[in-house]
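[1] Provide a 3D model corresponding to the input given below.
(chains A and B)
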Amino acid sequence: MHPNLRRSWTVLALLCIPVFVGSLDLTVVSAILPEVVVSLGLPPESRLDDAAWMVTGYLLAYTISMTFTGRLSDLLGRRRVFVAFLLLFMFGSYFVAVAHTWPAETYLRIYREFFPDDRPPAPEIRTLHMIILGRVLQALGAGAMAPVTMALVADLFPKHKRARPIGLVGAVDTVGWVLGHLYGGIMVRFFGANGAAIRDAMARVGLDLGVPDWRTLFVLNLGFGLITLAAVFIGLRGVPQQRHQQRFDLLGASLLTAALITLTFGLGGTPLEGPSNAADLASAAATSHLSWPLLGSASVIFLLFLLVEGRTRHPLTNLQLFRQVNVSAAAFINICVGFSLAIGLAALPIMVNFRAGETNAEVIQQAALVAGVLLSGLTVPMALAAFPGGWLTDRRGYRLPTATGLALSGVGFVFCSLTWDVDTPYWVMGLQMAVIGVGLGMTIAPLASAVINAAGETERGSASALVLALRLVGMTLALSSLTTYIISEVNRRFANSSAGVQDTSALYLEKIVEVVNEAFLIGAAVCLAGLLAALLMRGGSAGQLAQETAADEGATPLGRARRAAFTLASNKS
Amino acid sequence: MKPERVLILLIGLGFLLTACLIGDDDENNGDAPPDPAALMATAAQEIDDTASFELLLAIEGAPILLDVSSVGFEEPLTLERAEAAFEKPDRVRATVRIGIEDVVTDMELIAIGEEQYIRHPLITFNRWMNATVVQGFQPSALVSEEQGIAHALRSVENVRYVGEEDLDGVTVHHLQGEVDAAEVQAVTFGLITSTTGVLQADVFIRTRDGRLEQLLLVEPDADPASSTTWTIGLYGYGGDFGISAPEVE
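    Now for the predicted structure:
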């Protein structure tokens, strides 16, 4: 391996640590949420609305952060943005851990100052609001990690060598949020079983820290943050920091943020978990609905954003990029991939919970475990398939891995739709989920490479962000709309055919299977749409890109200077 | 000026303004302390004059038990907190935080005259049901001349002025005194266990408008560590809460 290339891989490996930590926190809360609800003294019925914003708020802020931090790193330099947003992530983690102390107190004081005549929110609600605020701060920091790292791939690797490192970043990002749930669950159980022993051990070395609980996870983030900071400093030592003298498109960033926030509220937030019994389902159907005025507002704001981007000299997202077929196809497919992924995430827990039948806590916990394992069957293969996806892109270009992956996922969805029934063995369901996961994972590297390779040197960050943000937007759209669709359809069909039926649970399950199978067909259709778009993609193999790179570097003085500077810096360090 | 700079300037000014507002206490440094009796009288009169208010009732210490066996739920319930809106002459709508074994949960309660209605996912399967949760409680008692909140304030004896304090961001006059347990029955929705004896009362009255902000009652107990503390907060004077009887299924 060329020494520069070896060093680039080392830098990338170090920077994958913050990507992993940031995405880990995306899902860690869903595992610890019951613990949080109990420890705050929140009534369980609050869990599905207020507390869900601990997850939704993070996802929303994570997506928003992605949209502008990539561009920010183009303008200010990757290291600066990395460090600043990593510190923000650490501060957010600290804020969550101490939310019940000075943040909740400050919140109360500010509330009373502005609304002196109103009854202030109850103490546990104040703490919950501050936890949500802390989660938003965390996510704003964490959201920068993946796009800036992807942009660094473009800085460090020549075009024809990017597919595999991009696949690695995509895989690490996916592995993070796959493992987050597991990590949170294991740690909370560990603290529950060994909390007192840990406290005593700490006391013996003079540290009076109290019994560790879910808050400790966020304190641990500070330690991870410090390790990550060290990784960033070591990794980026000697890497030339490009700073481009262009203006940051504040108006564009604000409009895009407003559009995303309005969209999320319009969709009613991201559902936290599937309903587990008929009463839950009926209650969810009564409360979950799409807000069409908000969705309309989101569309108008997004159109305004496009208008502004078209006229701004240095836009947040260069719309000219979409004139290239590879970019517009990759953008569309990325939304399809996010949408398809979310179909599994939305449909599976509802199905598993209802099959469990009983509504006592033990059965529900067992069902949650089964759903978690089956979801891992979808997401772990997805992360792993990012590597062969990158390898195949190097060999055969963007089209083959993308089309193959989407075809595989589409076939998986069709199989699910045809075979899932009230008594389908879980291993069969898991296997089919794995097929879908492998298919979706294969598209990660070619899609990201297609967009990043098309971007100019001054817009790699924003291009990387576009890749990741579009997938998350697809996921958000699907999670909310599909859950609403499944819940309302099941209730409608149940109401139409329940007259005179004795065993209503069996009828509910039958209707759920019916609607979930339809959702899988939607998944197959979305994959087919993506597949058709993938057929439009051209080029992208290492050979083709090497020729382009040679032509670029030979042709521009900047290209020659950059390579020389990097070689010099690498030799020095 | 560039739009970004204008925005940054505006945000900065916003923060500055917030900081100034937070730090702007209504202080009367150097003046003689106000007359506690007059403060109490004004606060009581404000309650008499208002048509509605919000009330927060929080309990710490020995558990207060509620009985909902009239709707077929036999498990013992403990009252932890109630957030209520009151409208004259006799309407209350409250969210009551209750404990069932180790689980806390919220129950909705509407009381109009002598009628009480409750709704809860587990106890009434989310339907409104007619049930007497608090025996003998009538909303009108909260403002009655003989036993209401204003009456409780007027009944506080040996009042002394502690000083001007900051209570969660609100500047208040802190007064301390004693009140007979019999005089605060209505204030605690009739749930206070002491019917005789004297309670320590801490009264917090807003300097801004002379209205009662919080009344803290400490029930006497042989063991001071286990004595029950009642916190009664009053907010939203004159608010429109639109309390009406629910449709009972």
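[2] now the closest residue in space to residue B:199 that isn't next to it in sequence, what's its secondary structure?
    Of all residues not flanking residue B:199 in the chain, residue B:217 sits nearest, at 4.9 Å (CB to CB, 6 or more residues apart in numbering or on different chains). Using the backbone N, CA and C atoms, a C-beta is placed for each residue, glycine as well. Of the three states, residue B:217 takes strand according to DSSP: H, G, I helix; E, B strand; the rest coil.
[3] and residue A:334, how far from chain B?
    30 Å (CB to the nearest CB, to the nearest Å).
[4] sorry, back to before: identify the residues contacting the residue nearest to residue B:199.
    Neighbouring residues of residue B:217 by CB atoms under 8 Å, 6 or more residues apart in numbering or on different chains: B:179, B:184, B:187, B:188, B:192, B:199, B:200, B:201, B:229, B:230, B:232.
[5] hmm, try it at 6 Å
    B:184, B:199, B:201, B:230 (CB atoms under 6 Å, 6 or more residues apart in numbering or on different chains).
[6] can I get the helix or strand hosting the last one in PDB? Just the C-alpha atoms.
    By that I understand residue B:230. Element membership for residue B:230 (DSSP states H and E) is strand B:229-235. Extracted C-alpha coordinates of strand B:229-235, given in PDB (Å, rounded to 0.1, in the frame of the first residue of the first chain):
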ATOM      1  CA  THR B 229     -45.700  19.100  54.300                       C
ATOM      2  CA  TRP B 230     -48.500  20.600  52.200                       C
ATOM      3  CA  THR B 231     -47.500  23.000  49.500                       C
ATOM      4  CA  ILE B 232     -50.300  25.000  48.000                       C
ATOM      5  CA  GLY B 233     -49.500  27.300  45.100                       C
ATOM      6  CA  LEU B 234     -51.900  29.700  43.500                       C
ATOM      7  CA  TYR B 235     -51.500  30.900  39.900                       C
END
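[7] partner strands of that strand, with direction?
    strand B:52-60 (antiparallel), strand B:212-218 (antiparallel) (DSSP bridges).
[8] partners of the following helix or strand past the longest one, with directions?
    Past strand B:52-60, heading to the C-terminal end, the next element that is a helix or strand (DSSP H and E) is strand B:64-66. Taking DSSP bridges as the criterion, strand B:64-66 forms sheet pairs with strand B:77-87 (antiparallel).
[9] mind checking the pLDDT average for the partner strand?
    Strand B:77-87 shows a mean pLDDT of 88 in the predicted model.
[10] among the contacts of residue B:217, which are in strands?
    Residues of these located in strands (DSSP state E): B:199, B:201, B:230.
[11] and the closest residue to residue B:215 other than its chain neighbours, how many residues sit next to it?
    Leaving aside its sequence neighbours, residue B:215 sits nearest to residue B:232 (CB to CB, 6+ apart; 4.4 Å). The burial count assigned to residue B:232 is 20, neighbours taken as other CB atoms under 10 Å in any protein chain shown.
[12] so residue B:232 bridges to which residues?
    Here residue B:232, judged by DSSP bridges, has bridge partners residue B:57, residue B:215.
[13] what's the pLDDT at it?
    Reported pLDDT for residue B:232: 91.
[14] residues touching it, list them.
    Residues near residue B:232 by CB under 6 Å, 6+ apart: B:57, B:187, B:215.
[15] so can I have a markdown table of these showing pLDDT and neighbour count?
    What follows is the contacts of residue B:232, written out as a markdown table (pLDDT from 0 to 100; neighbours: other CB atoms under 10 Å in any protein chain shown):
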| residue | pLDDT | neighbour count |
| --- | --- | --- |
| B:57 | 89 | 22 |
| B:187 | 81 | 25 |
| B:215 | 93 | 23 |
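[16] which one of the residues you listed is nearest chain A?
    For the contacts of residue B:232, the residue nearest chain A by CB to the nearest CB is residue B:57; the value is 11.3 Å.
[17] next one: phi and psi at the closest residue to residue B:214 other than its chain neighbours?
    Take residue B:214 and drop its neighbours on the chain: the residue closest to it by CB to CB, 6+ apart is residue B:204, 4.3 Å away. The phi and psi values for residue B:204, taken as degrees, to the nearest 10, are phi -120, psi 120.
[18] measure residue B:204 to chain A for me?
    According to CB to the nearest CB, residue B:204 stands 12 Å off from chain A.
[19] that residue bridge partners, please.
    residue B:174, residue B:214.
[20] per-residue confidence at residue A:232?
    The model reports residue A:232 with a pLDDT of 82.
[21] err, residue A:74, not the other one
    85.
[22] that one reaches residue A:464, doesn't it?
    No: Residue A:74 is beyond contact range of residue A:464, at 9.7 Å (criterion: CB atoms under 6 Å).
[23] name the SS class of the residue positioned nearest the centre of chain A, please.
    What sits nearest the mean C-alpha location of chain A, by CA atoms, centre = their mean, is residue A:472, with 5.6 Å. Using three-state DSSP, the structure places residue A:472 in helix.
[24] if I look at the closest residue to it other than its chain neighbours, how far off is residue A:26?
    With sequence-adjacent residues excluded and distances taken as CB to CB, 6+ apart, residue A:472 is closest to residue A:63, at 4.5 Å. Residue A:63 sits 10 Å away from residue A:26, going by CB to CB, to the nearest Å.
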